Each structure stands twice: as structure tokens, then as C-alpha cells.
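Novice: here is a sequence with its predicted model. Questions after.
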Amino acid sequence: MANNELTSPESHPAVSRREEETLRFWEENKIFEKSLEQRKGAKPFVFFEGPPTANARPAIHHFIGRAFKDLFCRFQTMRGHFVGRKSGWDTQGLPVEIEVEKALGLKSKKEIEEYGVAEFNAKAKASVWKYQEEWERFSKRIAFWLDLEHPYITYDPNYIESAWWVVKQAAERDLLFKDYKVVPYCARCGTSLSAHEVAQGYETVTDNSVIVKFKIKSPLKTINYKLSTINYLLAWTTTPWTLPGNVGLAVSSDISYSAVLVDDKDELLILATDLVERVLSGHSVKTLSTFNGDKLLNLKYEPLFNIKELQTEAAYQVYPADFVTTTDGTGIVHTAVMYGEEDYQLGIKVGLPRFHTVDRAGRFVETVPAELAGKAVKDPATEAIITNYLKEKNLLYKEEAYEHEYPFCWRCKTPLLYYAMDSWFIATSKLKDKLLANNDKVNWYPAHIKDGRFG
Ligand SMILES: [Zn+2]
């Protein structure tokens with residue numbers, strides 16, 4: 001059994017010594033340079049190193065990827081190709097900024113501005129070379145042949161110009177377009193997060209959930225009740241900060257709804273029949289009418305907040321949507337187009353206004369009334385302003401603590417907002433046939449990737 005045991009490299013000094021002797025021989029005799037010299041003018045095999053960020057030390061996972069890259073380059077060199085092997089350094093991106101922020105003890109964009117943007121950038125630029133020597137030594141020691149003398153550097157204007165050239169190519173081919181996409185967004189970091197990043201940051205929290213009364217402009221005709229009674233649609237949300245951005249309510253044609261009187265008050269509340277008991281428990285409830293969701297379509301209701309940019313023809317109406325269920329809430333879904341993927345899709349479909357009531361710093365914009373402008377949306381004090389405002393207008397039916405899983409930024413622990421970001425996109429879907437045709441020519445290992453991930 002002893003022969004199969006893993007042993008440390010130190011216990012094989014001869015192996016280490018042999019490797020180091022070989023490396024020295026390569027270096028002294030400029031073997032890599034000669035491999036290029038001898039193949040000048042031959043058909044090139046183009047290799048650009050996927051660039052590491054040198055603000056952290058190389059680790060064992062960097063070794064395996066580089067071993068594979070080296071293998072292919074050596075093979076192509078042996079086949080007679082000219083293999084230039086350009087090295088590169090990734091010097092941009094949030095990881096760099098975050099490290100510098102940590103080192104300087106800065107906690108927000110505002111603090112960076114106070115520190116000085118130019119000074120901050122200089123620190124960031126210096127930080128990306130912190131472990132350059134370690135990386136170069138690492139590359140050499142693992143026998144990864146690479147042209148370290150002429151790297152491409154992503155902050156270099158030459159490189160940036162090339163990146164813009166690529167964007168220009170897309171524009172000239174009519175592949176570039178601007179659109180919104182609802183993404184999980186950290187207002188502190190000022191950046192969206194990938195699904196993988198979001199998955200790392202879920203926590204069980206208790207949020208303030210509210211059931212809001214949306215006042216219908218004219219009473220439901222199908223209900224035989226005195227006309228003076230105000231009709232309200234009840235909708236539920238765990239994110240009160242999205243209420244100023246409300247522009248629609250969604251119902252389902254497959255759900256039965258009831259109009260009920262509660263505690264003999266002179267107001268009619270409308271919600272899914274299946275949820276009457278749960279939502280209105282503890283009250284005396286008198287059902288006046290039960291009907292299908294279709295009856296509610298196109299009903300107009302009064303805005304909760306007076307925001308003129310949202311007041312279009314299509315806004316503040318009831319629309320059908322297939323995502324409405326009776327699992328939670330009231331069976332009527334509050335729709336804030338810019339703050340949810342389903343909301344956004346419904347908004348596009350029926351033409352609801354796309355206007356942000358929240359800025360990228362996570363604060364309400366100027367046009368939001370009730371002294372909310374400039375306030376951080378997830379701040380409990382801001383939520384209190386919203387709920388008090390609704391209470392005063394008799395538009396809050398119920399407020400209660402709600403425990404659920406909510407995503408936080410894994411970097412800075414700020415609660416994420418689902419936020420419609422306007423971004424530029426490249427319409428790769430237009431190139432699908434070409435991509436598939438080229439994929440057919442690729443010799444994939446393992447073979448299942450060809451028709452699996454890339455098929
Ligand atoms: Zn963050």
C-alpha cells in the first residue's frame with residue numbers, strides 16, 4: 001500500500017531539482033525564444049492568455065488551467081506553428097475597487113469622492129501590480145511558456161481602443177441595441193450581481209409586508225350595492241419601497257374573486273375568494289358577490305402617489321397575467337414595472353410607463369412626493385414614511401412582519417434591489433445559425449459539450 005500514498009514534493013528532492021535544472025537550461029539557452037525564431041513566417045496558432053488580476057496571489061486552481069493551455073501551445077509548436085503566447089493582465093473591475101476600498105477603509109461612493117477620484121484610481125492602478133512578481137515566478141516555475149515581455153494590459157489605452165473597436169463592429173452590423181433588464185442590484189456597490197453571486201447572499205429576514213387598498217375610480221357595475229360605497233382592490237407586497245412605482249395591478253382569469261364588506265364599514269374590498277379567510281381573519285366578513293377575474297380587467301384605479309411621469313393612458317389599470325396565484329397575498333399583484341422581472345414583462349406587453357422612481361444610489365428621485373425624495377428606499381425609517389402616508393390616506397389595510405429569504409450583496413451585505421438597468425446589448429441571437437455552424441467544426445473534449453452546453 002505504501003507505494004500508493006501521496007507524498008509531499010519535498011520528499012522527492014531529485015524531481016524538484018531536475019525540474020529546476022530543465023527550467024534553467026530553457027532560460028539560459030532561450031529555448032522559448034528559439035521556438036519562435038525557428039518558426040517565423042509559419043502559420044500562426046494564436047494564443048492570448050486569459051488575463052489574471054495580480055492584486056491577489058496565484059493559487060492552485062490557476063495552475064491546472066495554465067497546465068492545459070501550455071499543453072495545447074506546445075503541441076501546436078511541435079506541429080510547426082508560430083505560437084506567440086501573449087500574456088495579459090486584467091486590471092479592471094469591481095474586485096480591484098473593493099480591495100482598494102477595504103485597504104483605505106472607505107464605505108461608500110461618497111467617501112471615495114471625498115477621498116478623491118484621481119487618488120483612488122491611482123491607488124487602484126498600483127494595487128493591480130501588487131503580486132506581479134509572484135505571478136511571473138509562478139508562471140515560470142510551472143513551465144508555462146508565455147511572452148511576459150509584451151503583455152496586453154486592460155487599462156492600457158491601446159487595449160481599451162481595441163475593445164471599443166469591437167463594439168463599433170457590432171454597431172456597424174446593426175447588432176447593438178439599448179434596453180432595460182431587471183437585475184439584482186447593489187445600490188452601495190453600484191453594480192448588478194450575477195445569479196451565482198446572488199445565490200451566495202440569501203438570508204432569512206423579517207420584513208414589513210403590507211396589504212394596500214387601491215381605490216377603484218368607478219364602482220364595479222356587476223355588484224348590486226349602493227353606489228356611494230368605495231371599492232378597493234387589495235394587493236400585497238413585501239417591498240413597500242416599490243409602491244410609489246406602482247403602475248398596474250395583475251389578476252388571473254382562472255381565479256375567483258370576491259367583493260366583501262368588512263366589519264360593516266362602508267367600503268367594498270376585492271380579493272381572491274380563496275384568500276378571504278386568511279387575509280380577513282378576525283373580522284366579520286360579508287361576501288356580496290363572487291366573480292371571475294375577467295370582470296376586473298381594465299378597471300381603472302387611483303394612483304397611490306401623485307407622480308406625473310407615471311400618469312399615462314395605460315397606467316393604473318387592472319391587467320391579466322399568468323404569474324398571479326393564490327399561494328400568497330391577495331390574488332391581486334401589485335406591479336412596479338422597473339422593480340421586478342415579471343412586472344417588467346407585463347409592462348412591455350401592455351405598454352406601461354418605464355420611469356424610475358428610485359435612482360442608482362437606491363434613493364427616491366425628486367418627483368416622488370410625501371417627503372420621500374432623496375431617502376434610501378430600504379431604510380426602515382423610509383418604509384415608516386410610506387406606511388404612515390398610506391395610513392393617513394386610508395389606503396393601508398394591514399401591516400405585518402413577514403419572515404422570508406432575501407438576497408443580500410455578498411460583498412457588502414446591503415439588501416439587493418431588483419432594478420431595471422438600462423444597458424447596451426449585443427444581439428447574439430441574430431448570429432445563432434453562424435455560431436452553431438462554427439460549433440460543428442470544433443473538436444470538443446469531452447465530446448458531449450458540443451451538443452450539450454454549446455449545442
Ligand atoms: Zn454591495
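Specialist: Happy to help now that I have it. Numbers count the residues shown, from 1 in each chain.
Novice: enumerate the residues of the stretch 151-300 of the chain near the ion.
Specialist: 186, 188-189 (C-beta under 5 Å from the ion). Just so you know, the C-beta spots here come from the backbone N, C-alpha and C atoms, and that holds for glycine as well.
Novice: out of these, who's the most crowded?
Specialist: Cys186 (26 neighbours; other C-beta atoms under 10 Å).
Novice: skipping its backbone neighbours, what lies nearest that residue in space?
Specialist: With sequence-adjacent residues excluded and distances taken as C-beta to C-beta, 6 or more residues apart in numbering, Cys186 is closest to Cys409, at 3.9 Å.
Novice: measure the nearest residue to His81 once chain neighbours are set aside to the ion for me?
Specialist: Nearest non-adjacent residue to His81, counting by C-beta to C-beta, 6+ apart: Phe45, 3.9 Å away. Plainly put, Phe45 is 42 Å away from the ion if you go by C-beta to the ion, to the nearest Å.
Novice: isn't Phe45 right up against Lys69?
Specialist: No - if you go by C-beta atoms under 8 Å, Phe45 and Lys69 don't touch, sitting 11.9 Å apart.
Novice: and His283, what does it touch?
Specialist: By C-beta atoms under 8 Å, 6 or more residues apart in numbering, the residues touching His283 are 262-263.
Novice: all strands in the stretch 251-400 of the chain, in order from the N-terminus.
Specialist: 256-262, 267-272, 285-292, 317-320, 333-335, 396-407 (DSSP state E, counting those that start in this stretch).
Novice: tell me the most buried of those strands?
Specialist: Mean neighbour count (mean count of other C-beta atoms under 10 Å) peaks for strand 333-335 among those, with a mean of 26.
Novice: secondary structure element holding Asn120?
Specialist: If you look again at residue 120, you'll see it is Phe, not Asn. helix 117-127 (DSSP states H and E).
Novice: gap between that helix and the chain center?
Specialist: From the chain centre to the centre of helix 117-127 is a distance of 26 Å (C-alpha atoms, centre = their mean, to the nearest Å).
Novice: what does stretch 39-46 give?
Specialist: Worked out by C-alpha atoms, centre = their mean, stretch 39-46 lies 42 Å from the chain centre.
Novice: Pro446: neighbouring residues, count only.
Specialist: By other C-beta under 10 Å, neighbour count at Pro446 equals 7.
Novice: okay, it and Phe75: tell me how far apart.
Specialist: Applying C-beta to C-beta, to the nearest Å, the value for Pro446 to Phe75 is 18 Å.
Novice: and Trp410, by the same measure?
Specialist: Trp410 is 39 Å from Phe75, where distance means C-beta to C-beta.
Novice: likewise for Asp266?
Specialist: 84 Å.
Novice: you'd agree Lys430 is up against Ala170?
Specialist: No - between Lys430 and Ala170 no contact is recorded; they are 10.3 Å apart, counting by C-beta under 8 Å.
Novice: and those two? Which one has more around it.
Specialist: Ala170 (17 against 11).
Novice: ok, the more buried one - contacts?
Specialist: 176, 426.
Novice: mind checking the pLDDT average for the helix or strand where it lies?
Specialist: Ala170 belongs to helix 157-172 when assigned by DSSP H and E. Here helix 157-172 scores 96 as its mean pLDDT.
Novice: tell me the angle the next helix or strand after that helix makes with strand 396-407.
Specialist: Sequence order places strand 176-186 as the next helix or strand after helix 157-172, per DSSP H and E. Angle of strand 176-186 versus strand 396-407, following axes from the mean of the first three to the mean of the last three C-alpha atoms, to 10 degrees, is 100 degrees.
Novice: can I get strand 176-186 in CSV, CA atoms only?
Specialist: Extracted C-alpha coordinates of strand 176-186, given in CSV (Å, rounded to 0.1, in the frame of the first residue of the first chain):
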residue,chain,number,x,y,z
LEU,A,176,-26.1,46.9,-30.9
PHE,A,177,-29.2,48.0,-29.0
LYS,A,178,-30.2,49.6,-25.8
ASP,A,179,-32.8,48.1,-23.5
TYR,A,180,-33.7,47.6,-19.9
LYS,A,181,-33.1,44.4,-18.0
VAL,A,182,-34.3,43.8,-14.4
VAL,A,183,-31.2,42.7,-12.5
PRO,A,184,-30.4,42.1,-8.8
TYR,A,185,-28.6,45.3,-8.0
CYS,A,186,-26.5,46.5,-5.0
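Novice: looking at Trp410 and Phe75, which is more packed in?
Specialist: Trp410 (16 against 12).
Novice: for the more buried one, list the residues it contacts.
Specialist: Trp410 sits in contact with 193, 197, 200-201, where contact means C-beta under 8 Å, 6+ apart.
Novice: can you flag the buried ones in those?
Specialist: With burial judged by 16 or more other C-beta atoms under 10 Å, the buried subset of the contacts of Trp410 is 193, 197, 201.
Novice: which element is the residue nearest to Leu268 when sequence neighbours are not counted on?
Specialist: Nearest non-adjacent residue to Leu268, counting by C-beta to C-beta, 6+ apart: Asn231, 4.6 Å away. Using DSSP H and E, Asn231 maps to strand 230-237.
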